[in-house]
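Asks: Whatever this is, show me its structure:
(2 chains)
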Amino acid sequence: MLTKQIRPALVLLLLLAGVTGLAYPLAVTGIAQAAFPAAANGGLIERDGTIIGSSLIGQTFTGERYFHARPSEVDHDAAGSGGSNLGATSATLAADVAARRDALVQGQTPVPADAVTASGSGLDPHISPAYAGLQVERVAKARGLDPQEVAGLVANQTQQPLLGVFGEPAVNVLTLNLALDALESDNG
Amino acid sequence: MTWQGWLQIGLVLALVASAIKPLGLYMAHVFEGERTFLSPVLQPVERGFYRLAGLDSRAEQTWLGYAMGVLLFSFLGVLLLYAILRLQGFLPFNPQGFEAVAPDLAFNTAVSFVTNTNWQSYGGETTMSHMSQMLGLTVQNFVSAASGIAIAVAVSRAFARSGVDRIGNFWIDLTRATLYVLMPMAIVVALVFAALGLPQTLEGSVTAMTLEGVSQTIAMGPMASQEAIKQLGTNGGGFMNVNASHPFENPNAFSNYLAIFSMLSISSALVYAFGQIVGSRRQAWALLAAMAILLVAGIGAIYWAETAGNPIHLAAGVDASLGNMEGKEIRFGQAMTALYAAATTGLSNGGVNAMHSSLTPLGGLVPLFFIQLGEVLPGGVGSGLYGMVVFAILTVFVAGLMVGRTPEFLGKKIEAREMKLAMLAILILPLAILGFSAVAAVIPVGLAGPANAGPHGLTEILYAYSSAAGNNGSAFAGLSANSPWYNTTLALAMLAGRFAYIVPVLAIAGSLAKKTRVPASSGTFPTDGVLFVGLLIGIILILGGLQFFPALALGPILEHVLMLAGQTF
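Replies: Have a look, this model is predicted:
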């Protein structure tokens, strides 16, 4: 009963491996590269001929002149990825949250949750409109811009749910910062 | 919770519901050997495969022959995958120049993918070459799912037949499940994924120079093709360490909808195919109703717990409107995270779009409990259906005890042999989950795993063995599972959860196929009505509760109470 099945087992494993493990991914690669090359290569953004990042992948911004991303457990290392995996009763997490909060606001003002929590991937490209709003004044001051103008840019860059239903309101930090640089060079 | 969140959940589930009938009918046609619209293209390929394999497409097997086929194919699959992982340094498509995967990790991964678990002790983008991802992991994503479908089809046939000892041919069911069901759907879904922004390239990583002049290395690879079959085959093993929370694996709301639709559709439609094959579509809808009720309850519970947020953080001055955002991504929000977490564990998918370890205690309890219930909501492709059939057999048995009649299911008398086999299958899960967890919770190599202290640490261990034995693959990833102890014992739990379950299930199928169908009489307990659905839900919950409540009380439930009291560890 078993010996009779060795041939079909071996032959089918190799044939199916060839079809599903080589033909399928290579065919999909070929079609995707031809039909949607930008998306298939990771949505990379270039400025002045240099790749400055991917529109999908979060980056670390530390300067006053740029909007900052969410906290990242892996410092936005896109060769790896990772969340904190800390649980709800973790003292480490509670201390991290408190420290991040103190760095952002003074007094009793509540901070948006995404500003003080690490994302799942460590590469979240977005922040909430509330967290972006919290940073407007700092960025405007550092660049000598009118806060109204920067707030208008944030509103402009906020992706709203399609038809008010599909998706979540979100601000892509990298594209916002690019728009900010473009705004300044237009003004200047 | 918002109406907009519930509307998204409702629309995704409605989309799945609309696919159940057409996809279920198509699969029933495929496995009954009828011509389908893909036959002109696929039949010559299929015939070529059988010729090379020396198969007669009309020859059928007994349950034992079928089971031997499954075991042999899986054993060879482990060997092939182990070899590829160990040899990846010498194989092509390795742009990052990754060296061989370590022996215990390669063993764990090989077992993990062959058993349709797809537990990730490894971080994909830092360990696996493109060749290992494609010829290694993607292959098992297809064929382990196809094996599950094959077994479910064999079980369906057993109910439809009478007085025979043959339940089909594993090699033919396997080939047809791969070529006619999984492959065409995977091609379509992969291309849509690529259009939505998932990378699909054979190149290595790209280096970017950020606006602040820091260099960032971005891992790339053929992700769309793997993501498609990972969802369709309810495999769940991601290309990336963080799975579908990675913006490359799941870039936006629409890729997230498609991922959830893909993972739910085949399992749900297989239930319909079961109804079609056994000649009772009402039975299929009754089973689907029980699955849907429990699944929606779980989605609601996670959604509620996560939007409520973490009181410890709220007290420290965090705004409550976004809910608990630790380990979550902005683009999905709470509703689509809750749906994903419930679906991935109601199924045996195991992919994640948020870190389950960072869910609130009750939000994390639901996925853990869903896995422990045996993943039948609607379960892994194939495994969900045959798991649900085992529960249905148990339900008619309990109902029969209440009124003192021999239980029947779909015209087949359920007798001592079937009950013994059903119990054997059901007991594997608590044995593997609680047994290994108990040992790991007291020995030093086990206690070295959890990153969190307090009850959360126990939950991490419990979740790992539940996920392995249930062939789920998701994780409370605080656990450092890439150690010889965890790699080995988790692999053993995966093997037990898959094969020690499949063999009794196929034996039940063999025994049912021999029985003649008894016509329904006035004393027959109808198994397609509301009463049966209620009883079935009750049996699933009571059984799961009795087995796992004590452990859950010491883990997530205790943590919830301590969280409310503001206690941290």
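Asks: any idea how far chain B is from the residue nearest the centre of chain A?
Replies: Nearest to the mean C-alpha position of chain A, counting by CA atoms, centre = their mean, stands residue A:125 at 1.7 Å. With distances taken as CB to the nearest CB, to the nearest Å, residue A:125 is found 6 Å from chain B. Quick note: C-beta positions are derived from backbone N, CA and C, even for glycine.
Asks: for that residue, phi and psi?
Replies: phi -80, psi -10 (degrees, to the nearest 10).
Asks: now swap in residue B:318 and tell me
Replies: Phi and psi for residue B:318, reported as degrees, to the nearest 10, are phi -100, psi 140.
Asks: What is the neighbour count of it?
Replies: Neighbourhood size, residue B:318 [other CB atoms under 10 Å in any protein chain shown]: 26.
Asks: and the gap between the residue lying closest to it once chain neighbours are set aside and residue B:83?
Replies: Excluding its sequence neighbours, the residue lying closest to residue B:318 (CB to CB, 6 or more residues apart in numbering or on different chains) is residue A:113, at 5.3 Å. Distance of residue A:113 to residue B:83, given as CB to CB, to the nearest Å: 47 Å.
Asks: again, but for residue A:165
Replies: 48 Å.
Asks: With residue B:526 instead?
Replies: For residue B:526, the distance to residue B:83 - CB to CB - is 52 Å.
Asks: Let me know the helix or strand that the closest residue to residue B:111 other than its chain neighbours is in.
Replies: Among residues not flanking residue B:111 along the chain, residue B:491 sits closest, at 4.2 Å (CB to CB, 6+ apart). If you go by DSSP states H and E, residue B:491 is part of helix B:484-514.
Asks: Which elements pack onto that helix?
Replies: On a contact count with 3 or more CB pairs under 8 Å, 6 or more residues apart in numbering or on different chains; DSSP states H and E, helix B:484-514 meets helix B:63-87, helix B:103-114, helix B:139-160, helix B:383-403, helix B:416-440, helix B:444-447, helix B:455-469.
Asks: Remind me what the next helix or strand after it packs against, helices and strands.
Replies: For helix B:484-514, the following helix or strand on the C-terminal side (DSSP H and E) is helix B:530-552. Helix B:530-552 is packed against helix B:281-308, helix B:361-372, helix B:383-403, helix B:416-440, helix B:455-469, with contacts defined by 3+ CB pairs under 8 Å, 6+ apart.
Asks: one more time with 7 Å, if that's ok
Replies: Helix B:530-552 is packed against helix B:281-308, helix B:361-372, helix B:383-403, helix B:416-440, with contacts defined by 3 or more CB pairs under 7 Å, 6 or more residues apart in numbering or on different chains; DSSP states H and E.
Asks: For residue B:142, which of the ones you listed is the nearest?
Replies: Closest to residue B:142 of the helices and strands packed on helix B:530-552 is helix B:383-403 (CB to CB; 15.3 Å).
Asks: and the closest one with helix B:416-440, angle?
Replies: Helix B:383-403 and helix B:416-440 are oriented at 120 degrees to each other (axes from the mean of the first three to the mean of the last three CA atoms, to 10 degrees).
Asks: Does anything pack onto helix B:383-403? Which helices or strands?
Replies: helix B:139-160, helix B:253-278, strand B:408-409, helix B:416-440, helix B:530-552.
Asks: try it again with 10 Å
Replies: Identification of packing neighbours for helix B:383-403 by 3 or more CB pairs under 10 Å, 6 or more residues apart in numbering or on different chains; DSSP states H and E yields helix B:139-160, helix B:253-278, helix B:281-308, strand B:408-409, strand B:412-413, helix B:416-440, helix B:484-514, helix B:530-552.
Asks: want to throw the helices and strands packed on helix B:484-514 into JSON lines with mean pLDDT?
Replies: JSON lines is the format used below for the helices and strands packed on helix B:484-514 (pLDDT from 0 to 100):
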{"stretch": "helix B:63-87", "mean pLDDT": "96"}
{"stretch": "helix B:103-114", "mean pLDDT": "93"}
{"stretch": "helix B:139-160", "mean pLDDT": "95"}
{"stretch": "helix B:383-403", "mean pLDDT": "93"}
{"stretch": "helix B:416-440", "mean pLDDT": "94"}
{"stretch": "helix B:444-447", "mean pLDDT": "92"}
{"stretch": "helix B:455-469", "mean pLDDT": "94"}
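Asks: Please tabulate those in CSV, including the columns mean neighbour count.
Replies: As requested, those are exported to CSV (neighbours: other CB atoms under 10 Å in any protein chain shown):
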stretch, mean neighbour count
helix B:63-87, 21
helix B:103-114, 24
helix B:139-160, 28
helix B:383-403, 22
helix B:416-440, 19
helix B:444-447, 13
helix B:455-469, 28
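Asks: Dump these to TSV, plus distance to residue B:308.
Replies: Formatted as TSV, these follow (distance: least, CB to CB, whole Å):
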stretch	distance to residue B:308
helix B:63-87	42
helix B:103-114	34
helix B:139-160	36
helix B:383-403	30
helix B:416-440	28
helix B:444-447	31
helix B:455-469	18
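Asks: helices and strands of chain A: which one bottoms out on pLDDT?
Replies: Ranking every helix and strand in chain A by mean pLDDT, DSSP states H and E puts helix A:173-187 at the bottom, with a mean of 90.
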